[in-house]
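> based on what follows, work out the 3D shape:
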Amino acid sequence: MIYFRNGELHEGEVCLDLAQPAFRTGYGFFETICWNGSKACHLDLHLERARNSLAEFGIAEELIDYETVIGEVVNANGILNDFARVNIFFPVENEHTRPIVCAVPFEYIPQRTWTLKPNPHIFLTPLMAHKSTNRMDYLNAWKTAQADGFDDALLQDFEGNVLESSFASLLFKAGDEFIEPKTEFKLPGTARIVAARHIEIDSAQINLVQVDKFDHVYALNSLGGMIPVTAIGKVEFEPDFVLAKEISAKILELKL
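Take a look at the predicted model:
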């Protein structure tokens with residue numbers, strides 16, 4: 001893989017100082033961005049979220065021209081005209097971060113659906129509002145769900161209130177009303193922000209025992225777009241491909 005760091009492209013391994021918190025504790029942040037074959041989708045939203053986190057924790061950022069650099073990276077990796085997953089990593093060393101930009105191929109699957117397994121292991125931390133590079137709890141939840149035949153894990157608090165999934169924001173629909181889980185323990189999703197420009201979204205606490213009252217459920221993800229959820233545990237839902245296609249085109253900046 002060819003990646004960007006310190007003002008130039010590199011190939012091979014990324015070196016981190018073993019004495020610094022980025023290596024020792026996973027201290028840092030990252031963004032996952034869709035390259036749709038021609039551009040980095042909603043780059044401004046991703047950078048705004050990352051910079052809010054960096055500012056909150058007092059971390060200085062080495063400034064780069066992200067739009068230009070991302071184009072150079074996807075081109076160097078031979079995926080300029082393809083779908084790709086672009087990551088910007090912000091590892092923290094000496095209260096400073098030198099961003100790393102990398103890109104790998106990604107297969108976008110229209111009309112994909114997800115099933116979600118409620119994660120039995122509860123973890124709550126203020127860091128859930130930030131896209132921290134220390135994501136072991138999320139990865140373990142996803143791996144447990146995958147092992148049981150589900151696509152992803154649904155995260156909940158100690159009262160059984162829905163938070164998000166391991167990799168996506170969640171959106172529920174009853175009649176004509178769209179509702180997102182109301183909680184401070186979730187990431188401010190960029191795909192959710194884009195979706196809210198086109199549909200009105202309210203927020204409310206949603207308990208797991210209430211999910212059968214909803215007509216449709218969707219996962220919102222910067223790579224997958226709007227993905228219909230067909231099951232949460234044993235509760236099944238009809239997939240709404242019409243709206244999912246429309247909002248996915250907005251999230252992934254595609255022409256219908």
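
> which neighbouring elements make contact with the helix or strand hosting A141?
Using DSSP states H and E, A141 sits within helix 136-147. Helix 136-147 sits against strand 114-118, strand 152-156, with contacts defined as 3 or more CB pairs under 8 Å, 6 or more residues apart in numbering; DSSP states H and E. For the C-beta atoms, the positions are set from N, CA and C on the backbone; glycine is no exception.

> residues making contact with the following helix or strand past the last one?
Pointing back at strand 152-156 there. Later in the chain than strand 152-156, the nearest helix or strand by DSSP H and E is strand 162-165. With contact meaning CB atoms under 8 Å, 6 or more residues apart in numbering, strand 162-165 is reached by 114, 116, 128, 152-157, 170, 181, 183, 185-187, 189, 206-208, 211, 219.

> just the pLDDT for the residue lying closest to R192 once chain neighbours are set aside.
Closest residue in space to R192, ignoring its immediate chain neighbours: S169 at 4.4 Å, by CB to CB, 6 or more residues apart in numbering. Reading off the confidence values, S169 has pLDDT 98.

> tell me the mean pLDDT for stretch 220-238?
On average, stretch 220-238 scores 97.

> got the end-to-end distance for that stretch?
17 Å (CA to CA, to the nearest Å).

> next: stretch 32-46.
Using CA to CA, the distance between the terminal residues of stretch 32-46 is 8 Å.

> now it: buried residues?
Using 16 or more other CB atoms under 10 Å as the test for burial, stretch 32-46 gives 32-37, 40-43, 45-46.

> check the residues you listed and tell me the two furthest apart.
G37 and L45 (19.2 Å; CB to CB).

> would you confirm that V217 belongs to a strand?
Yes - per DSSP: H, G, I helix; E, B strand; the rest coil, V217 lies within a strand segment.

> model confidence at it, what's the number?
For V217, the predicted pLDDT is 98.

> okay, and the beta partners of it?
As for beta bridges, V217 partners with F172, V229 under DSSP bridges.

> and what of L154?
L154 forms beta bridges with P118, S165, as assigned by DSSP bridges.

> so who does it touch?
By CB under 8 Å, 6+ apart, the neighbours of L154 are 116-119, 162-165, 170, 208, 232.

> if you rank every helix and strand of this protein by mean pLDDT, what lands last?
helix 21-25 (a mean of 93; mean pLDDT, DSSP states H and E).

> so the closest residue to P228 other than its chain neighbours is in which element?
With sequence-adjacent residues excluded and distances taken as CB to CB, 6+ apart, P228 is closest to P239, at 3.5 Å. Assigned by DSSP H and E, P239 falls within no helix or strand.

> centre of the chain versus stretch 150-163, how much separation?
16 Å (CA atoms, centre = their mean, to the nearest Å).

> please apply the same query to stretch 143-159.
Worked out by CA atoms, centre = their mean, stretch 143-159 lies 16 Å from the chain centre.

> kindly report the same for stretch 41-50.
Using CA atoms, centre = their mean, the offset of stretch 41-50 from its chain centre is 12 Å.

> ok, now stretch 79-95?
13 Å.

> state the mean pLDDT of that stretch.
For stretch 79-95, mean pLDDT rounds to 97.

> buried set for that stretch?
Buried, per 16+ other CB under 10 Å, within stretch 79-95: 79-80, 82-86, 88-93.

> stretch 173-185 too?
Within stretch 173-185, the residues that count as buried by 16+ other CB under 10 Å are 173, 178-181, 183, 185.
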